[in-house]
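Enquirer: structure, please.
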Amino acid sequence: MITTLLAVSALGIQAQSVNDIFDPKTTITWLGMDMTGAIFIGDREKFGSQSDIQNLIKSWNDVLEREKEKFNVQLMVHKTVPVDMKLDVTRNHNSDLDISNILSEKTGDHVHLRKNGVEQIAAAYNFDGATGVGLMFNIESFNKTNNEASLWVTFINMGTGEVIITERMTANPGGAGVRNYWLGAVRGIMEKVKKKEFTVWQKKYKQN
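Expert: The predicted structure follows:
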């Protein structure tokens, strides 16, 4: 009996979290770009040393935070209230990663991250005491050979570390320099979510 009640209670919490994503008046916390499973394919010489790569990874989240009007998460997730910014969560996590194998010349590495892998990444995160719904982009690959970026758009219950919704998306990059080139793809994915995918996900996941 107690087990049943706990299961029902947990289901209720999960259902509420799903609906929170699509409630325009519920605040989302933007966590930025996670690089735990990222692979950069091609253009090896342009990424430089491991120190250069770490600085590049940090700079991507710095730009997302600094240019928040350009990379507008509030519009992307159709909110009428401001989005909270907590990008230090991913910045701190990324800074501790072993990136010695992040560069590849294998086109087949483009698709390698699965939903259960994203769930494992989220479960290992330190959300620094934050609760509610967090939004993270889990980068799968930046593929110069195919001119395509792949990432998972992931909504997380930060209180439990559980993934509520995660969906894989792709876009073409564009911009001057390595940093802006791949941020062009990130912005492209944000536009796709805003214009179509968020509504598609609402129909797919929202519970009555």
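Enquirer: where do the strands sit along the chain?
Expert: 28-34, 39-41, 84-85, 103-104, 133-143, 148-157, 162-171 (DSSP state E).
Enquirer: run the chain-centre distance for the third one.
Expert: Put plainly, it is strand 84-85. Offset of strand 84-85 from its chain centre (Cα atoms, centre = their mean, to the nearest Å): 14 Å.
Enquirer: what strands line up against it, and which way round?
Expert: Using DSSP bridges, strand 84-85 pairs in its sheet with strand 28-34 (parallel).
Enquirer: go on, the longest one?
Expert: In the sheet, strand 133-143 lines up against strand 28-34 (parallel), strand 39-41 (parallel), strand 148-157 (antiparallel) (DSSP bridges).
Enquirer: before we move on, back to that, can you add distance to G188 and mean neighbour count and give the strands of the chain back as a markdown table?
Expert: Where C-beta positions appear, they are placed from N, C-alpha and C, glycine not excepted. Converted to a markdown table, the strands of the chain look like this (distance: least, Cβ to Cβ, whole Å; neighbours: other Cβ atoms under 10 Å):
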| stretch | distance to G188 | mean neighbour count |
| --- | --- | --- |
| strand 28-34 | 14 | 24 |
| strand 39-41 | 18 | 21 |
| strand 84-85 | 21 | 15 |
| strand 103-104 | 22 | 18 |
| strand 133-143 | 12 | 25 |
| strand 148-157 | 8 | 23 |
| strand 162-171 | 3 | 18 |
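Enquirer: in CSV, list the ones you listed along with mean pLDDT.
Expert: What follows is the strands of the chain, written out as CSV (pLDDT from 0 to 100):
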stretch, mean pLDDT
strand 28-34, 98
strand 39-41, 97
strand 84-85, 97
strand 103-104, 96
strand 133-143, 98
strand 148-157, 98
strand 162-171, 98
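Enquirer: now distance to D52 too, for those strands, in a markdown table please.
Expert: Compiled in a markdown table, these are given as follows (distance: least, Cβ to Cβ, whole Å):
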| stretch | distance to D52 |
| --- | --- |
| strand 28-34 | 17 |
| strand 39-41 | 12 |
| strand 84-85 | 26 |
| strand 103-104 | 11 |
| strand 133-143 | 15 |
| strand 148-157 | 19 |
| strand 162-171 | 24 |
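Enquirer: about what we covered before: can I get the strands paired with strand 133-143 in a markdown table including distance to G108?
Expert: Converted to a markdown table, the strands paired with strand 133-143 look like this (distance: least, Cβ to Cβ, whole Å):
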| stretch | distance to G108 |
| --- | --- |
| strand 28-34 | 22 |
| strand 39-41 | 9 |
| strand 148-157 | 13 |
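Enquirer: so which of the ones you listed comes closest to S104?
Expert: Nearest to S104 among those is strand 39-41 (5.1 Å), distances taken as Cβ to Cβ.
Enquirer: what residue is smack in the middle of this protein?
Expert: For the chain, the residue sitting closest to the mean C-alpha position, by Cα atoms, centre = their mean, is F137 at 1.0 Å.
Enquirer: which residues does it contact?
Expert: Shown in contact with F137 (Cβ atoms under 8 Å, 6 or more residues apart in numbering): G32, M33, D34, L151, W152, V153, T154, V186, I189.
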